[in-house]
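Participant: after the sequence you'll find the predicted model.
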Amino acid sequence: MTEPQPDPNAVAPSVANLDVIVSLAKRRGFVFPSSEIYGGINAVWDYGPLGVELKNNVKRAWWRAMVQERDDVVGVDAGILMHPQVWVTSGHVGSFSDPLVECASCRRRYRLDELPGTEELTQTDIKDPEIVDRLKLTCPADGGKLSAPRRFNLMFKTYMGPVEDEAAIVYLRPETAQGSYVNFKNVRESTRKKLPFGIAQIGKSFRNEISPGNFVFRMREFEQMEMQYFVRPREGAATAFEEWLPKRMAWYEAYGVTRSRLRFREHAPDELAHYAKKAIDVEYRFPFGWKELEGIHNRGDWDLGNHAKASGENLEYFDPATDEHFIPWVVETAAGADRAAFTFLIDAYREEEVRGEKRVVLGIHPDLAPYKVAVLPLLKKRPEIVELCHRIKDDLKRQTMAVYDDTAAIGKLYRRQDEIGTPWCVTVDVDSLEDGNVTVRDRDAMTQERISAGQVTRYITDKLDAARPRGL
Ligand code: GAP
């Protein structure tokens, strides 16, 4: 990579303590622990009323950039359950595993490369069966003796049909990518796309992670936003790889993530996933360190080539310009919808002082904000004011997410909307009944503007349109 990288130690996270975000998320209805009334279930989180809006907006923004605004990428939505042979052929049954160690006294299990003292280890070290003794690693909980590492496969298994035997085993997909590969021929024939072209997909994936954690950063059920770009072999992949890298970084930046908290990191050869010839991650400076946000992978002809061999289908592409038949190579952009939403949320969070009081603001991009506008009455005791509020809000709702709130005094209502990132508030007061004008308050600048009540919807939709990134 030629681009200058930020000094990793000099970059502070946007919030020092993750608990601030976890507590905001719970209190305001972004994210709840799953099955909480039963004590919760580890590594699964539920999105609340605001969280589902945020995540849907993130997915929409990704789809717009990756499919809607491009001529060379189309979408699919494949099943989570697939023929089990898919996962044998893809290499996941054999190789999709992490190194697991177990404490002999307390029986706690850990992912070896997440233990304290393993930060600098290479993947070659991690695969060394003697590594626990060599580094004298012990259980972080009780200092007990740890076992030698064994490979733990991350795929969830279940049974299809009424008989629970070996022949009925199917897997919950650990990546969406395979659904795009097995549909390569269907998509090419039905759309008549010529190389290079891509297949994009958003959907749930499942991994039985050994050590999930850090809120929604690593879960066992999560959502991916992946795009498989089919290209001519070798040079085609090298070119596409270099083109997609800056594009994917630019997407996060355009939606508001601070550039200095983003960086690229290339995988070392011994760190590459079983399918990858080259991989570069977009990383973000989370409160718990620099971590992967998205991976850009050159998967070569690993997937299509293996599926062609194993299924007997001809998955070659015929290029009439050169009269060649070949298996296309793939450049993949693999992002997480939860991780992206989490990143936008953390990076937008700020606390500031306004007239001697703390103001918490989620300065999130208007396109991603759960509510775009809140309509507020200055006096809820005046029925004409409340009625005008509802008329404005109902008109807005035909175009975008708008809410009415009268459960506190105006100052408090503004603060509540600031905290959940609502870019604009519309206030109706006594004068509005006389002159037909209302006040529009901007979340970030806190400036106020008087406009005609009849113009509000147009004003907001114009602002939203102007803010929307283009040509990403
Ligand atoms: N198809 C390639 C692939 O799945 P990956 O790097 O394993 O590559 C891609 O995953 C993205 O999916 C990650 O960058 C991350 O954003 C998201 N992701 C992966 N595992 C996750 C987990 N356990 N919890 C939340 N997001 C996850």
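Facilitator: Arrived safely, thanks for sending. Numbering: from 1, shown residues only.
Participant: can you name the residues that contact the residue most central in space within the chain?
Facilitator: Centrality entry for the chain: nearest residue to the mean C-alpha point is residue 337, 2.3 Å, by C-alpha atoms, centre = their mean. Taking C-beta atoms under 8 Å, 6 or more residues apart in numbering, we find residue 337 in contact with 55, 58, 59, 62, 202, 222, 223, 224, 225. For glycine as for every other residue, the C-beta is placed from the backbone atoms N, C-alpha and C.
Participant: which one of those residues is nearest the ligand?
Facilitator: For the contacts of residue 337, the closest approach to the ligand (C-beta to the nearest ligand atom) belongs to residue 222, at 3.6 Å.
Participant: just the buried positions in stretch 370-380, please.
Facilitator: Of the residues in stretch 370-380, 370, 371, 372, 373, 374, 375, 376, 377, 378 count as buried by neighbour count, 16 or more other C-beta atoms under 10 Å.
Participant: residues in contact with the first one?
Facilitator: Pointing back at residue 370 there. Contacts of residue 370 (C-beta under 8 Å, 6+ apart): 49, 50, 51, 53, 54, 57, 401, 420, 421, 422.
Participant: max pairwise distance over those residues: which two?
Facilitator: Farthest-apart pair in the contacts of residue 370 is 51 and 422; separation 14.7 Å (C-beta to C-beta).
Participant: so those two - more neighbours on which side?
Facilitator: Higher neighbour count among residue 51 and residue 422: residue 422, with 26 against 23, using other C-beta atoms under 10 Å.
Participant: ok, now how distant is the closest residue to that one other than its chain neighbours from residue 34?
Facilitator: Among residues not flanking residue 422 along the chain, residue 371 sits closest, at 4.7 Å (C-beta to C-beta, 6 or more residues apart in numbering). To residue 34, residue 371 is 24 Å away according to C-beta to C-beta, to the nearest Å.
Participant: residue furthest from the geometric center of the protein?
Facilitator: residue 434 (47.4 Å).
Participant: is it fair to say that one lies in a strand?
Facilitator: No: counting by DSSP: H, G, I helix; E, B strand; the rest coil, residue 434 is not part of a strand but helix.
Participant: just the contacts of residue 370: which are in helices?
Facilitator: Counted as lying in helices by DSSP state H, out of these, are 49, 50, 51, 53, 54, 57.
Participant: from those, pick the one nearest residue 183.
Facilitator: Among those, residue 57 lies closest to residue 183 (C-beta to C-beta), at 26.8 Å.
Participant: quick one, phi psi at residue 343?
Facilitator: phi -70, psi -50 (degrees, to the nearest 10).
Participant: oh sorry, the question was meant for residue 82
Facilitator: Backbone torsions of residue 82, given as degrees, to the nearest 10, read phi -130, psi 170.
Participant: so it versus the ligand, what's the distance?
Facilitator: Computed as C-beta to the nearest ligand atom, to the nearest Å, the residue 82 to the ligand distance reads 14 Å.
Participant: with residue 124 instead?
Facilitator: Separation of residue 124 from the ligand (C-beta to the nearest ligand atom) stands at 20 Å.
Participant: kindly export whichever strand or helix holds that residue (C-alpha atoms) in CSV.
Facilitator: Under the criterion of DSSP states H and E, residue 124 resides in helix 123-126. Output of helix 123-126 as CSV, limited to C-alpha atoms (Å, rounded to 0.1, in the frame of the first residue of the first chain):
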residue,chain,number,x,y,z
GLN,A,123,-0.1,-17.6,12.4
THR,A,124,2.9,-20.1,12.1
ASP,A,125,3.4,-19.7,15.9
ILE,A,126,-0.3,-20.2,16.5
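Participant: and the next helix or strand past it?
Facilitator: Using DSSP H and E, the first helix or strand after helix 123-126 is helix 131-134.
Participant: tell me the mean pLDDT over that following helix?
Facilitator: Average pLDDT, helix 131-134: 93.
Participant: roughly how far is the next helix or strand after it from the heart of the chain?
Facilitator: As assigned by DSSP H and E, the chain's next helix or strand after helix 131-134 is strand 150-153. Between the centre of strand 150-153 and the centre of its chain there are 26 Å (C-alpha atoms, centre = their mean, to the nearest Å).
Participant: try stretch 148-158
Facilitator: Distance of stretch 148-158 from its chain centroid, counting by C-alpha atoms, centre = their mean, is 24 Å.
Participant: excluding chain neighbours, give the residue nearest to residue 432 in space.
Facilitator: Among residues not flanking residue 432 along the chain, residue 438 sits closest, at 5.1 Å (C-beta to C-beta, 6+ apart).
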